[in-house]
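J.: with the sequence up front, the predicted model follows.
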Amino acid sequence: MTTSKDVLEPYMGSSKEWKIPLGCIMDNILSGGVEAGVITQVYGPSGAGKTNFCIITTVSAVRINKKVVFIDTEGSHSFDRLMQVSGKDYDRVLKSLYFYEAHTFEEQEFIIENLDSILDESFGLIVVDSAVALYRIIRNDDSVHDLNRRLSRQMAKLIELARHYNLTVVLTNQVYSSPGNSENEPVAGDILRYWSKAIVELKRNGKKREAVLKRHRSLPENIKVKFKITKDGIEGV
């Protein structure tokens, strides 16, 4: 016998879909902004603009009345830069920003695993800058399997939170050069690629910068835009 409680309710995904518009050239390769409910990975070399991307996304989220969790693992978060990008909205951004600094991979793990204790429907964004900096420091041949498992578990937790609270997750990733390959490769590439539905590569050649869409669930790959970092954020060139 079937009761009303036994009937499956269809998932109405379209009613929950939304994005954080960045208000800059990056929207051109992301079809209007960073998607909620998924992980967006941004990778590239030092100085390419990864943290700037995170700060711009943070300010943009607050401007549409969303709270933000920002996890910094590199000690690179600049409140001076946040002030520049947010302008007159700086105080508003600070009031909506939950900032955490992890100094070890274990601390990063603890913060991510316990985000349920602070999140609610008022949050729209989780940033992890960078997801692999602390992982990379302690990774070696003996620890790689255990660390990969733990990193994957962190990504699983982030996607669980993204779906449950219908929020956006942005994480940055570092790169390395492999022998015989002229292209930079993202650290823990297979793990983070598996969990990331959108991937943006940032390239830098001197003062010239380029963003390349490497993966997206509804857009073609290798859409490119050239950009520069300015006092107020990111602009196209």
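T.: Everything's here; your move.

J.: got the phi/psi numbers for I138?
T.: Taking degrees, to the nearest 10, you get phi -100, psi 0 for the backbone angles of I138.

J.: what's near enough to touch it?
T.: 105, 147 (Cβ atoms under 8 Å, 6 or more residues apart in numbering). Quick note: C-beta positions are derived from backbone N, CA and C, even for glycine.

J.: does the residue nearest the centre of the chain count as helix, strand or coil?
T.: For the chain, the residue nearest the mean C-alpha position is V170 (1.2 Å; Cα atoms, centre = their mean). Secondary structure, DSSP: H, G, I helix; E, B strand; the rest coil: V170 is strand.

J.: tell me the bridge partners for it.
T.: T40, V127 (DSSP bridges).

J.: the lengthiest helix in the chain packs against which elements?
T.: The longest helix of the chain (DSSP state H) is helix 144-164. Contacting helix 144-164 under the criterion 3 or more Cβ pairs under 8 Å, 6 or more residues apart in numbering; DSSP states H and E are the following elements: strand 39-43, helix 105-113, strand 123-129, helix 133-138, strand 168-173, helix 189-195.

J.: quick one: the fourth one to chain centroid distance?
T.: Put simply, helix 133-138 sits 18 Å off its chain's centre (Cα atoms, centre = their mean, to the nearest Å).

J.: for the closest residue to D72 other than its chain neighbours, what are its contacts?
T.: Spatial nearest neighbour of D72, chain neighbours left out: E101 (5.0 Å); criterion: Cβ to Cβ, 6 or more residues apart in numbering. Applying Cβ under 8 Å, 6+ apart to E101 gives the contacts 71-73, 75, 77.

J.: ranking those by neighbours, who comes first?
T.: Counting neighbours by other Cβ atoms under 10 Å, T73 leads the contacts of E101 with 25 neighbours.

J.: wait, it sits on E109?
T.: No. Using Cβ atoms under 8 Å as the test, T73 is too far from E109 to be in contact (10.9 Å).

J.: mind checking pLDDT for G13?
T.: With respect to pLDDT, G13 scores 51.

J.: E9 now?
T.: 67.
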